Every structure is written in structure tokens, then in C-alpha cells.
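**Student:** Quick one: sequence and predicted model below, then my questions.
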Amino acid sequence: MPMLAHAIKVEKHDIKTLKRIERSGIVNRDLVYDHDEDYIYVPVIKNIDGSISHDFKEKNSIKTMLKNEMERNGIKNYPEKWVRIGSSIIIKNTRHEKIIGSILAEILNVSSVYMETGRIHGDLRKPSLKLIYGSGGETLHLENGVKYLLDPEKVMFSPGNINERSNIYEDLNGKVFMDMFAGIGYFSIPALKYKRPSGAILCDINPEAIKFLKRNIEINNIKTRVEIFNCDSRLISSKIKADYIMMGNFKSIEFLPHALSHIKNNGKISMHYLTDKNYIKNSYEPIIKKARSYGYNLTLYDYHRVKSVSPFFYHVNARFNISKI
Ligand SMILES: C[S@@+](CC[C@H](N)C(=O)[O-])C[C@H]1O[C@@H](n2cnc3c(N)ncnc32)[C@H](O)[C@@H]1O
């Protein structure tokens, strides 16, 4: 049952106001944020200047509503977690997918529901999804004030990497950065939006990702000069140089010599890779050794865990200052 409560209506792109409200401690944590095309409705515990009345769903009520609706349809086992991308959700593989999809869509107010049929596969990192409710297609995902347009069936989007996407803290003022695995702009759109680089070189091998990257540059109103390559990033001429290189690909270590061939003196490189949990303490040391054999000194200035990806592996990010020996 919806519940009428005090609400603050915030424009979707106004992340600063949203954060300020959340920090103020007046958010009603028992209710679920609502949204329409342009606004987010934040439930608040008291009537304050500018607040309005709005119908919200209760947090517990979603779980109860799901349980009741599933039981009414004779379904005992159903996914109780999902990943939300724009107006779509992705659930784990399940039986009775059609009915489960339509119940979830109705209760969670989403237009498409996908079910995982396998892992994200191949070098292009293509998702294995089956559309089980709705018409699918493009969806607009809003995160940290950045608009990401994508089709969840064609390109991946990892909600678990949210901190990485919002954590490009390097000073890129007046610098050129290169993203060797740009995808739809996971890292490069926030860098272009919140930093002041003088230019960006963006590359991805997947034509579908490049199509969305171009549109994301447009819808985020990016005016900085960008050069886009739709090819294997190893094929980009080493005449092209950058101050900062992003390598958002688990195979980044294989691409290290190519990254080094593009780096300006005193530049920086950010590498994502998988490491065995037993080697978490110093997994970056072989990278430093390898770079030395190519004639470069790497000094680590940041190293952190992004997430656990299996019982045996962590996804980590290591960032290095680079100089020629
Ligand atoms: C794992 S995705 C990026 C994920 C992203 N870091 C995130 O936060 O969700 C890696 C991207 O690298 C691209 N790619 C893989 N091999 C490549 C290559 N040799 N050259 C350029 N792009 C490549 C894939 O198409 C994919 O878009």
C-alpha cells in the first residue's frame, strides 16, 4: 500500500542537493525513493520549507508485496536481489521466469526484466542475458550526476564499480588522458564532466560500446576535444601521447608495454586487474618489475581492492607514477 509522506522534490541531475539532504539526517529510511522522468522524490521525516506530500512505497512492503504475489502464483523460490540499470533490472537465472519477471516489473516499477543465462564473456565483455519481461532496448542509467545510455543486452555495466567511476581524483586540469578500454564511457564521462582535461583519447574494440560512448558524450554535454578509436588499443600509434592512462580491463597487464608507449614523461597509469587473494598484499610488484624491463620506473601511489569476484580472486586497482629510466 502506498503511504502519503513529506517529500523533497529534487531535479535528477542535482546530485549536490540530493547529497546535502541525505547528509542532513531528515530522510525517512522506511520509505523507498520515488522518481519520474525529471525528478527524484526523497521521503523526509518532517514538513520543511519547500516540502510537498507524495505517495511512497514502504521498504518492507516491497518484500512483503513480492512474497504475497509470488505465493498467490504458487511460486516458492524466486530471486530476492536484482541489479538495477536505468529502468531495467537483471536477476539471476530462475525457473518460472515469465511470471517472476512480470511480478517484479509490476512491483519494482521497471519496464524491462532480464535474466542471466551465463557470465559476461569474451574480450568484448558481452553480457549473457535473456529478456523475460518488457521490450528491452536502450535505458538511461543515472549515477553520480552522469547519464549512461546503454542497452544491457549489448554492453556490460557493473554496478559494483560505482566507487571506481566516482573516484577519479587525479588532477587532470589541462592534461590529456587516454582510456584504452573506454566502453560506453564508464570512467571517461565522469572524468570529462568533473575534471578539466584539455583532451581525451578514447578507445574500445566493441562497435556497440563506441556507439553508446558517442551518445553519452553528447547527452552529458561534453565539450572537451575527444578523439575516438574503434579498434584494438594496441593498434593506436605511439605518436599519440597522454598524461594519464586508464586501463579498465582485467587483462591490463598484457597491455602494459602499449600503455607505456603512449605515456608522457612523469605521467600516471591506473590499472585494473584480478589477483589471487593470497597475493593481495603485493600483487603490483611483478608489474613494477615488468615495466623496469621495458625501461620505465613505476612508483605506486594508490592500491585498493574494488571487489571480490570469486572465492579466489579480487578485482584491484593500482595507480603508478611513471618515469623513463
Ligand atoms: C570490462 S569493460 C570496462 C568495464 C568498466 N571498467 C566498468 O566499470 O564497468 C572492458 C572494455 O574493454 C574493451 N576491450 C577489450 N579488449 C580490448 C582491446 N584490445 N582494445 C580496446 N578495447 C578492448 C571491451 O570491449 C569493453 O568495453
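**Tutor:** Structure received. Residues are numbered from 1 along each chain as shown.

**Student:** Just give the closest residue to residue 86, not the sequence neighbours.
**Tutor:** Leaving out its chain neighbours, the residue that sits closest to residue 86 by C-beta to C-beta, 6 or more residues apart in numbering is residue 139, at 3.2 Å. Backbone N, C-alpha and C define where each C-beta goes, glycine included.

**Student:** Burial check on that neighbour, number of neighbours?
**Tutor:** Neighbours of residue 139 under the rule other C-beta atoms under 10 Å: 19.

**Student:** Around the ligand, which positions in the stretch 101-250 of the chain sit nearby?
**Tutor:** For the stretch 101-250 of the chain, the contact set with the ligand under C-beta under 6 Å from any ligand atom comprises 123-125, 156-158, 161, 164, 181, 183, 186, 203-206, 209, 232-233, 248-249.

**Student:** Which ones among the residues you listed map onto strands?
**Tutor:** Within these, residues falling in strands by DSSP state E are residue 203.

**Student:** one step back: ok, now which ones touch the residue nearest to residue 86?
**Tutor:** 85-88, 111-112, 149-152 (C-beta atoms under 8 Å, 6 or more residues apart in numbering).

**Student:** Local confidence estimate at it?
**Tutor:** Looking at residue 139, its pLDDT is 95.

**Student:** Residue 6 versus that one, what's the distance?
**Tutor:** Remark: distance between residue 139 and residue 6 (C-beta to C-beta, to the nearest Å) = 30 Å.

**Student:** Same question for residue 162.
**Tutor:** Going from residue 162 to residue 6 by C-beta to C-beta gives 28 Å.

**Student:** The two: which is more packed in?
**Tutor:** Neighbour totals were compared for residue 162 and residue 6, and residue 6 leads with 19 against 12 (other C-beta under 10 Å).

**Student:** so that one makes contact with residue 45?
**Tutor:** Yes: judged on C-beta atoms under 8 Å, residue 6 makes contact with residue 45 at a distance of 7.2 Å.

**Student:** what about the helix or strand residue 301 falls within and the ligand, any contact?
**Tutor:** Assigned by DSSP states H and E, residue 301 belongs to strand 296-308. No: Strand 296-308 is not in contact with the ligand by C-beta under 6 Å from any ligand atom; minimum separation 8.8 Å.
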